[in-house]
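J.: okay, structure incoming, though there's no sequence with it:
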């Protein structure tokens, strides 16, 4: 197995609160991995640690056989680790295509502005935004902004793409579109780590599932087995309702 | 469109130079001041307009340029080498200060950048052995006829103005300018797409400093005498950004337009209302900033005709 990302004993505390506690896992090149967990489980903190937005309190991050612990976000982007934000972060007064150009110019392969424009246009075509290329980013609706965020990440030619709730706030039609898009991206050989609350998305995409609870990794494995795992159900429902749900399942 | 603003800028510089044909000392001096303040406004535009960092350190770089240039001349350097030395020293100083100061954002950065002006003023005042302290420093005068000296410094200031205009043009179309615009709009996202935000901000800050240093050194040679209160005048740190904002920060022609209007306004106020000139200029600036939040060049003239309220940039989609 060709390991792309290897996280070992990753811990981050905020003034005594342990947000991520000794998390270790491996991501192989080409995998689609889902990360789930209740609110406050530490999913976004985990992505922030991997991309260098936060420094880990302890633990190491190996990307592509290189120790990248404590890197700057800009280094992460240039090494091929790209992420989208749960709360979208466009450059509001720039046009849609300029937003995407930033990705290809500074982290991707583009050497100059015309090359960046060409690549940006391709990424926009892929996510289906080429018709609004010259509009300002702030004029887009939420679904389009999430697609823009995705195009910006793609333009940086990532090896590992971390999607932080790209589907939150979308309606079911938009989600189907996003699902097809993410599959399309994975087929291009990009490894994907997807944080998601919507089980429809997680179950249909992920080949493997990580479950975080109170900052700890409580399960790692096959999605179908994991959603039946007692600890996972307890994490979401609490022990009392988990027992009741189990009884209900047995009775059936 | 591509070279139109550049052409306008050069025509404007030639117009300033042609003022010398009028043989009028007052007009010459005003044209020199306009070229000088335009250069300062363009300098500020790199950090304030493009990167969006509200810097008030213009007077620090200008004053330091004055003193380094003057001291160079006093210690026997030729005028060009003294000016060159001023640019080098101010550039190095701004890079060192920028590395510390640019960790702050917004209001914190603004306050920190004002403090640099005071810091420099106190430092220069506190070493009278070298700088003459509070009693100032005499700079060797250029021994030409007064008219020739006047023309020389008009040419010098206009040359600096053209240089900063060209650099602005190049930066705006380059990777650097693009990255600075990204930083201006969302610094976290800029870092996330792989922009080395620290390095970019420092480059913008140094660009904003070196032309101020050159202008300061030239100014010291021009007036022949400098003292700390004039060289490090915090009013200058406020005037220059106001000029750039008046014309339209981040645009190619804005700083030039803004400085002309501001200086002419100031001259009119000086000559007609000696006692009230500061109050009047202040009032006009307040009115202009309220009515034109994005500067004159971003004014939408059709809105004025239909009396629609001016919209701020971030509301305009």
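T.: Done, it's in. Values in this document were obtained by computation on a predicted structure and should not be read as measured data. Numbering: from 1, shown residues only, chains lettered A, B, ... in the order given.
J.: quick one: average confidence on stretch A:102-119?
T.: Regarding stretch A:102-119, the rounded mean pLDDT is 86.
J.: and the helix or strand encompassing residue B:61, what's buried?
T.: Residue B:61 belongs to helix B:58-74 when assigned by DSSP states H and E. Buried residues in helix B:58-74, counted by 16 or more other CB atoms under 10 Å in any protein chain shown: B:58-74. Yep, even glycine has a C-beta here, placed from its N, CA and C like the rest.
J.: and for stretch A:96-115?
T.: Those would be A:96-108, A:110, for stretch A:96-115 by 16+ other CB under 10 Å.
J.: once you drop chain neighbours, what's closest to the residue of chain B found nearest chain A?
T.: Nearest residue of chain B to chain A, counting by CB to the nearest CB: residue B:194, 3.0 Å away. Of all residues not flanking residue B:194 in the chain, residue A:107 sits nearest, at 3.0 Å (CB to CB, 6 or more residues apart in numbering or on different chains).
J.: now the residue in chain A positioned nearest to chain B: phi and psi?
T.: Among the residues of chain A, residue A:107 lies closest to chain B, at 3.0 Å counting by CB to the nearest CB. Note on residue A:107: backbone dihedrals following degrees, to the nearest 10 are phi -120, psi -20.
J.: ok, back up a step: my read: the residue nearest to residue B:194 touches residue A:81, true?
T.: No - applying CB atoms under 8 Å, one finds residue A:107 not in contact with residue A:81, separated by 9.5 Å.
J.: hang on, the earlier thing: what mean pLDDT does the helix holding residue B:61 have?
T.: Rounded mean pLDDT across helix B:58-74 is 93.
J.: chain center to the host helix or strand of residue A:11: distance?
T.: Following DSSP H and E, one finds residue A:11 within strand A:3-14. Strand A:3-14 has its C-alpha centroid displaced from the chain centroid by 15 Å (CA atoms, centre = their mean, to the nearest Å).
J.: all helices of chain A, in order?
T.: Along chain A, counting by DSSP state H, helices occupy A:43-50, A:73-79, A:96-106, A:113-127, A:142-155, A:172-187, A:199-205, A:223-226, A:230-237, A:239-251.
J.: using the three-state scheme, assign the residue of chain B closest to chain A.
T.: On the three-state scheme (DSSP: H, G, I helix; E, B strand; the rest coil), residue B:194 is labelled coil.
J.: quick one, what contacts it?
T.: Counting by CB atoms under 8 Å, 6 or more residues apart in numbering or on different chains, residue B:194 touches A:74, A:77, A:78, A:103, A:106, A:107, A:108, A:156.
J.: not counting sequence-adjacent ones, nearest residue to the fifth one?
T.: Read it as residue A:106. Nearest residue to residue A:106, sequence neighbours excluded (CB to CB, 6+ apart): residue B:194, at 3.9 Å.
J.: residues of chain A that sit close to chain B?
T.: Applying CB under 8 Å from any CB of the partner chain, we find that chain A lies next to chain B at A:51, A:53, A:72-74, A:77-78, A:83, A:85, A:89-94, A:98, A:101-103, A:105-108, A:112-113, A:136, A:138-139, A:152, A:156.
J.: and residue B:271, what pLDDT?
T.: Listed pLDDT for residue B:271 reads 77.
J.: what residues of the helix or strand where it lies count as buried?
T.: Here residue B:271, judged by DSSP H and E, is contained in helix B:254-272. Buried positions in helix B:254-272, judged by neighbour count with 16+ other CB under 10 Å: B:254-263, B:265-267, B:269.
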